[in-house]
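Undergrad: here you go, sequence then predicted model.
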Amino acid sequence: MTRRRLRTLAILLALALAVTAGAVGVRRYVLDAEWWQADHTTTDVEPSPLAEVGPPPGPVTATWQIATPTHSAPMGPLDEVAYGLADGQLAIVSGRGLDVRDARTGAERWHYFRSGWTLTAWAATDREIIGHFRPSGSPGRQVMAGFDADTGNKLWTIEDESPAGADEGTLRWPAGAGTVVTTRDGRLLRGLESRTGRMTWQVRLPGGCVVRDYGEAASGGDAETAVFVLDCGRQAGIMALDPGTGRVRWERTSVNDVDGTTVRVSAGVTAVWDGYGLLVVNRSGRELLVRQGGITCADACPIAVAGGKVVVAYRSVDSSAGDRPEEEPILEAVTEDGKPAWRRTAGGRYEALAAAGDRVYGLRRAVAEPLLPAAMDVVEPADGGTDTVPLPFGYREGFFSVPPWLGAAGGLLYVAYPVATEGPLGGTRLVALRGAAGGPGPVELGGVLPRAWPDACKLLNRTDLADLYGSHGYRKEPSGTRVGDVRLPHPATCEYQPKRESAGSVSVSVDWVAGTPQEAQRLLSALRAGYPKAKPLPNVADEAYDLGFSDESRVELRVGRTLVGVTVYRNAAAATRLARAAATRLRPPPATTPTPTKSPSPPPSATPDG
């Protein structure tokens, strides 16, 4: 090959490399440039701090609310929406980005959204919020950015840093004491100063262990404690650090693997659930409560610390019942040095606990079965005394994977619950609640007098059920309901069981009696939002919806302020017909106009006075 040809080839190779480098540069610095991708607003208005107190026991009403759709993204567990409450601000976190609101009014303070990028996790300290982002088309790339929590100003950005132990349910990973905990390979934890992004410490995990990534309740923490579930093979490890220094506070080994071990943290106290037992450990590693066998939690055991007590929720299991063991919801408290305080049966399974001031607030899916409203329990940590308050909405348990969330501050209670109608993947609705005036009846019933509740077994009769059961007949099985200390005077549910196997069962339930028709209308609207296949049914009641169940036909109807559910096994036409019959009996009878009567004529001898 001649020298001239070698020179030509060298020039062509250099041009090719330049074009390739230019293309990479264009993508990196133009197509991925933040200046045109980011939708970023900031504020210079100082937030108004909220007192560490929730609403008093009693009725509540919504003061503001906001819905957030889940983010459709091709990576990670990014079908979540998460929330955080601090310093008078409420952070709404989704795959779209960060949306920070005034916690008292719901007004926007600042946000950061980046087109073509997905927020995969977040962390927060007292002064900063940190987001972790990945570009939708390049899952190998990652960017971590720190923001001033009050103003939204961006403080720093670094690449190739990963969250340490992001929680799948909340997308949050531990940060505290001005430090956010990160990793690059899962084996070495790094502490980054949350104000600057500068590394301040490193800790190598025990041999053979890696930090769990995007697991359910895989981590937790506060300003002084960061707790991680470690994947160490057949048995998981649990390790607690001081986030400010990286010093190990305590370590434990789970009897289960990493998928069966979860943690929840409140005020430095950790509840560890390993699928078999519950362990409650304080910041120094002292065991405050141990429950082995005969209990269960859902994904994790909710915990809250208030009034000098550590309160934890779980369910006691009686396995003697055979294939269907009976479960009893339990709320138990110990002192901060591990002495037993009290233990009581709860009104239902707790979805979340939150502490504010000297009270603990518990969220349950329903005030009682089969009633529709979700419940707020206000618990006195001193003795476990509980007030149950119905919330002005209900939600479908287990819908998608978005977990309910609970917070309290400034005399308000914040509840986020899953809905089906916010976007193609559903989403969440956050409601801020404040105290409200009560009615003449008990708080547990929303101020409605018990005698206003109809008898579920009087909403259908033999003629209504003849088409289903014919001459074979049925058995009627009424069921009563208690809400807190209040027992309803009539059956809230009536089951009709066929005497022949070919016919399906029928269930009628009085699901709620609200204070006004408007309150009932809002409650029905909230229920409908949990069912993506729900469709309205005309000419049945004031309002009626087929909820779109697959294995049974369920109609929810409203007449005035009363909500009733009618369920028929796989027979939509019968469910609609029976719902119409029930609605007819709920309506008051039409007023009748009395027929005027003729005044009798005076006797002939009578004459007007004078």
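TA: That came through fine.
Undergrad: only C-alpha atoms from now on, for both contacts and neighbour counts.
TA: Fine.
Undergrad: how deep is Leu430 tucked in, by neighbour count?
TA: 21 (other C-alpha atoms under 10 Å).
Undergrad: wait, doesn't it sit right on Leu413?
TA: No - the criterion here is C-alpha atoms under 8 Å, and Leu430 misses it with Leu413 at 10.3 Å.
Undergrad: for the residue nearest to the spatial centre of the chain, give me its contacts.
TA: Centroid-nearest residue in the chain: Pro404, 0.5 Å away (criterion: C-alpha atoms, centre = their mean). Contacts for Pro404 (C-alpha atoms under 8 Å, 6 or more residues apart in numbering) come out as Glu351, Ala352, Val415, Ala416, Tyr417, Pro418.
Undergrad: now do Ser505
TA: Ser505 touches Glu495, Tyr496, Gln497, Pro498, Val568, Tyr569, counting by C-alpha under 8 Å, 6+ apart.
Undergrad: what about it, distance to Tyr496?
TA: 6 Å (C-alpha to C-alpha, to the nearest Å).
Undergrad: can you check Lys458 too?
TA: Taking C-alpha to C-alpha, one finds Lys458 at 12 Å from Tyr496.
Undergrad: roughly how far is the helix or strand harbouring Val100 from the heart of the chain?
TA: Val100 belongs to strand 97-102 when assigned by DSSP states H and E. Its chain's C-alpha centre and that of strand 97-102 lie 18 Å apart, by C-alpha atoms, centre = their mean, to the nearest Å.
Undergrad: got the contact list for it?
TA: For strand 97-102, using C-alpha under 8 Å, 6+ apart, the contacting residues are 47, 88-93, 107-114, 118-119, 131.
Undergrad: so how do I select the buried members of those residues in PyMOL?
TA: Buried subset of those, written as a PyMOL selection, criterion 16 or more other C-alpha atoms under 10 Å:
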select buried, resi 47+88+89+90+91+92+93+108+109+110+111+112+113+114+118+119+131
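Undergrad: so of the contacts of strand 97-102, which ones are in strands?
TA: Judged by DSSP state E, the contacts of strand 97-102 include 89-93, 108-114, 118-119, 131 as members of strands.
Undergrad: report the two of these separated the most.
TA: For the ones in strands among the contacts of strand 97-102, the maximum inter-member distance is 22.6 Å, found between Gln89 and Thr118 (C-alpha to C-alpha).
Undergrad: re the thing from before, Lys458 and Tyr496: who's more crowded?
TA: Tyr496 (21 against 14).
Undergrad: quick check: the more buried one touching Gly473?
TA: No - with contact defined as C-alpha under 8 Å, Tyr496 does not count as touching Gly473 (9.5 Å).
Undergrad: okay, now the unreliable bits of the chain?
TA: 1-33, 35-36, 71-79, 139, 321-325, 397-401, 422-425, 502, 589-610 (pLDDT under 70).
Undergrad: which stretches of it form helices?
TA: With DSSP state H as the criterion, the chain has helices at 3-26, 34-37, 462-469, 517-528, 572-586.
Undergrad: make a markdown table out of the contacts of Pro404 and add neighbour count and distance to Glu34.
TA: Listed next are these as a markdown table, based on neighbours: other C-alpha atoms under 10 Å; distance: C-alpha to C-alpha, whole Å:
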| residue | neighbour count | distance to Glu34 |
| --- | --- | --- |
| Glu351 | 19 | 39 |
| Ala352 | 22 | 38 |
| Val415 | 22 | 34 |
| Ala416 | 25 | 31 |
| Tyr417 | 25 | 33 |
| Pro418 | 31 | 32 |
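Undergrad: in strands, which of the residues you listed fall?
TA: Per DSSP E, the subset of the contacts of Pro404 in strands is Glu351, Ala352, Val415, Ala416, Tyr417, Pro418.
Undergrad: got the contact list for the fourth one?
TA: If a contact means C-alpha under 8 Å, 6+ apart, then Ala416 has Pro404, Trp405, Leu406, Thr428, Arg429, Leu430, Val431 as its contacts.
Undergrad: number of residues surrounding Gly447?
TA: There are 20 residues near Gly447, going by other C-alpha under 10 Å.
Undergrad: and for Tyr569?
TA: By other C-alpha under 10 Å, 18 other residues sit near Tyr569.
Undergrad: wait, isn't Val540 in contact with Leu586?
TA: No - Val540 is beyond contact range of Leu586, at 11.7 Å (criterion: C-alpha under 8 Å).
Undergrad: what about those two, which has more around it?
TA: Val540 (22 against 19).
Undergrad: so how far is Arg577 from that one?
TA: Distance from Val540 to Arg577, by C-alpha to C-alpha: 8 Å.
Undergrad: same check, this time on Arg184
TA: Arg184 is 62 Å from Arg577, by C-alpha to C-alpha.
Undergrad: comparing the two, which residue is more hemmed in?
TA: Arg577 (16 against 13).
Undergrad: any idea how far Tyr83 is from the closest residue to Gly565 other than its chain neighbours?
TA: Distances taken as C-alpha to C-alpha, 6 or more residues apart in numbering place Glu556 nearest to Gly565, at 4.5 Å, with adjacent residues excluded. As judged by C-alpha to C-alpha, Glu556 and Tyr83 stand 31 Å apart.
Undergrad: with neighbour numbers in mind, choose between those two.
TA: Taking other C-alpha under 10 Å, Glu556 and Tyr83 do not tie; Glu556 has more neighbours (28 against 23).
Undergrad: residue contacts, the more buried one?
TA: By C-alpha under 8 Å, 6+ apart, the contact list for Glu556 reads Leu524, Ala544, Tyr545, Asp546, Leu547, Leu563, Val564, Gly565, Val566.
Undergrad: ok, what's across the strand from it?
TA: Tyr545, Gly565 (DSSP bridges).
Undergrad: in stretch 451-464, what's buried?
TA: Trp453, Pro454, Asp455, Ala456, Cys457, Leu459, Leu460, Asp464.
Undergrad: can you put those residues in CSV and add distance to His490?
TA: Putting those into CSV (distance: C-alpha to C-alpha, whole Å) gives the following:
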residue, distance to His490
Trp453, 7
Pro454, 7
Asp455, 5
Ala456, 7
Cys457, 9
Leu459, 12
Leu460, 15
Asp464, 21
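Undergrad: what about stretch 491-509, how long is it end to end?
TA: Distance across stretch 491-509, first residue to last, is 8 Å (C-alpha to C-alpha).
Undergrad: ok now it, how far from the chain's centre?
TA: 32 Å.
Undergrad: can you offset everything so residue one is 47?
TA: Done: numbering now begins at 47, and the last item shifts to stretch 537-555.
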